[in-house]
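Asker: for reference, the sequence and a predicted model appear below.
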Amino acid sequence: MAEARSIPKARVHYAWVVAGVTFLTLLTAAGVGSARGILILPLEHEYGWSRTTISAAISLAIILYGLLGPFAAALVERFGIRGVMVAALALMAAGSGLTPLMTAPWQFMLLWGVVVGGGTGMTALALSAIITNRWFSERRGLVQGILSASTSTGQLLFLPAMAAAAETYGWRVSMLGIAAVALCAMPIVALLMRNRPADIGLRPYGETGAPVSPPVQSIKPVNPAAMALAGLGEGIKSRNFWLLFGSFFVCGFSTNGLIGTHLISACADHGIPEVQAAGMLAAMGIFDILGTTASGWLSDRYDSRYLLFWYYGLRGLSLIYLPYALDTSFFGLSLFTLFYGLDWIATVPPTIRLASNIFGRGKVGIMFGWIFTGHQIGASIAALGAGAIRLDYGSYLPAFVIAGALCLVAAAAVLAIGRKRHGQGIAAATA
């Protein structure tokens with residue numbers, strides 16, 4: 001079996017190669033997903049579709065991205081990481097590559113709501129949680145921070161280029177471009193990805209001892225759906241699960257669903273050109289790479305609950321400030337871009353750390369997959385709701401204020417994670 005072949009010993013542990021391939025896959029998925037912000041205005045102008053209609057397809061893609069997470073984690077257990085990654089990239093390439101041919105809203109719903117949403121859902125952040133906990137015993141927080149930053153890096157690399165291509169050559173060219181990127185990533189994943197360290201005779205990074213033999217495959221195949229649903233059954237009985245789920249609902253509501261989807265359109269309402277607005281999102285990506293990587297480093301050293309408290313609190317204040325920044329000056333928007341960018345996905349490493357400590361490293365992929373479902377439900381509601389608010393109210397102001405207020409509520413709620421009802425902490429949440 002190919003997976004069982006040993007790889008020659010090298011100074012660099014193969015875990016870092018696996019992390020690099022995972023980063024590339026997540027980066028590509030982020031680039032494909034970020035294209036939704038580029039599509040809203042061109043589709044409105046060319047086809048006359050309402051913003052609510054377009055937002056509905058985007059909302060479906062976002063919620064599928066979350067709902068497929070735990071099932072994708074279970075598919076990894078059944079078919080391996082490499083197969084799941086390659087299949088996901090193929091779906092992303094097909095969905096974005098066929099988008100230029102669409103002429104009706106239902107086709108956009110199918111291609112972006114289902115095909116692209118399904119492909120990106122198979123590479124959700126639950127995948128990075130599996131990689132981190134399987135391949136690393138040390139520096140897990142740092143690695144998780146780097147992998148989480150792939151979303152920002154994808155946004156940084158793809159958004160300005162897609163916006164410029166859409167403005168110069170039309171939105172169809174930008175869609176074909178991201179389809180090509182997904183196709184190019186497929187052979188790299190197929191050649192370099194491995195499922196577990198033991199498959200190539202290694203221990204996880206940071207563990208010492210003699211090389212290990214590849215594990216014997218179970219005779220009885222694992223049912224991915226049953227495994228995912230069993231994880232959900234365990235989660236819904238846990239107060240900590242609901243606190244993590246609820247806080248991540250707010251995270252998705254205030255990031256992907258609102259800012260990631262509607263910031264470019266909100267800027268257009270204030271006379272800011274599309275390319276300049278896309279540049280703001282890209283700048284947020286730069287700051288988020290720094291913020292998320294630092295968050296991973298911090299989660300290896302400090303109580304993740306207090307990290308989340310500061311992240312959600314500062315994000316809430318930034319969102320409440322945003323409507324005023326749009327009406328003021330370049331300095332005001334730059335200030336928002338800096339603070340919001342540093343905080344964009346900084347919540348991921350401490351959330352995964354808490355989930356791993358509470359539910360165990362062996363279950364973290366599926367359990368975080370369900371927690372991440374809350375993230376995408378929140379993002380889906382924000383993507384659809386903010387579009388409806390803009391249509392009815394004529395402004396995104398209420399949406400920004402609602403998101404900011406929810407972040408402040410989440411900041412208070414996360415302090416209760418891992419605590420008994422009488423207020424004493426438990427070791428599992430802070431280990």
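Answerer: Cool, got the structure. Numbering: from 1, shown residues only.
Asker: give me the neighbour count for the closest residue to residue 99 other than its chain neighbours.
Answerer: Nearest in space to residue 99, with sequence neighbours left out and distances taken as C-beta to C-beta, 6 or more residues apart in numbering, is residue 175 at 4.5 Å. For every residue, glycine as well, the C-beta is placed using N, CA and C. Using other C-beta atoms under 10 Å, residue 175 has 27 neighbouring residues.
Asker: just to check, residue 175 is in contact with residue 101?
Answerer: No - assessed by C-beta atoms under 8 Å, residue 175 is found out of contact with residue 101, at 9.8 Å.
Asker: related to what we said a few turns ago, what about the residue nearest to residue 99, distance to residue 38?
Answerer: 9 Å (C-beta to C-beta, to the nearest Å).
Asker: ok, now residue 291?
Answerer: Distance from residue 291 to residue 38, by C-beta to C-beta: 24 Å.
Asker: circling back: after the host helix or strand of the residue nearest to residue 99, next one along is what?
Answerer: Residue 175 belongs to helix 171-192 when assigned by DSSP states H and E. Of the helices and strands lying after helix 171-192 in sequence (DSSP H and E), the nearest is helix 224-235.
Asker: quick one: contacts for the residue nearest to residue 99?
Answerer: Residues in contact with residue 175, defined by C-beta atoms under 8 Å, 6 or more residues apart in numbering, are 35, 96-97, 99-100.
Asker: by neighbour count, which of those wins?
Answerer: Highest count within those by other C-beta under 10 Å belongs to residue 96, 26 neighbours.
Asker: pLDDT wise, what is that one at?
Answerer: Predicted confidence (pLDDT) for residue 96: 89.
Asker: so where's the stretch 1-150 of the chain uncertain?
Answerer: Low-confidence segments of the stretch 1-150 of the chain, defined by pLDDT under 70: 1-10.
Asker: how about the strands in it?
Answerer: Using DSSP state E, counting those that start in this stretch, the stretch 1-150 of the chain contains no strands.
Asker: was I right about residue 248 contacting residue 351?
Answerer: Yes - in terms of C-beta under 8 Å, residue 248 counts as a neighbour of residue 351; the distance is 6.2 Å.
Asker: between these two, what contacts are shared?
Answerer: Common neighbours of residue 248 and residue 351 (C-beta under 8 Å, 6+ apart) are residue 371.
Asker: in helices only, show me the contacts of residue 175.
Answerer: 96-97 (DSSP state H).
Asker: any chance of CSV for the contacts of residue 175, columns distance to residue 13?
Answerer: Putting the contacts of residue 175 into CSV (distance: C-beta to C-beta, whole Å) gives the following:
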residue, distance to residue 13
35, 35
96, 34
97, 36
99, 40
100, 43
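Asker: list just the nearest of the contacts of residue 175 to residue 309.
Answerer: residue 35 (33.3 Å; C-beta to C-beta).
Asker: got the contact list for that closest one?
Answerer: 96, 158, 162, 174-175, 178.
Asker: let's see it at 7 Å
Answerer: By C-beta atoms under 7 Å, 6 or more residues apart in numbering, the residues touching residue 35 are 96, 162, 174-175, 178.
Asker: closest one of those residues to residue 279?
Answerer: residue 162 (11.7 Å).
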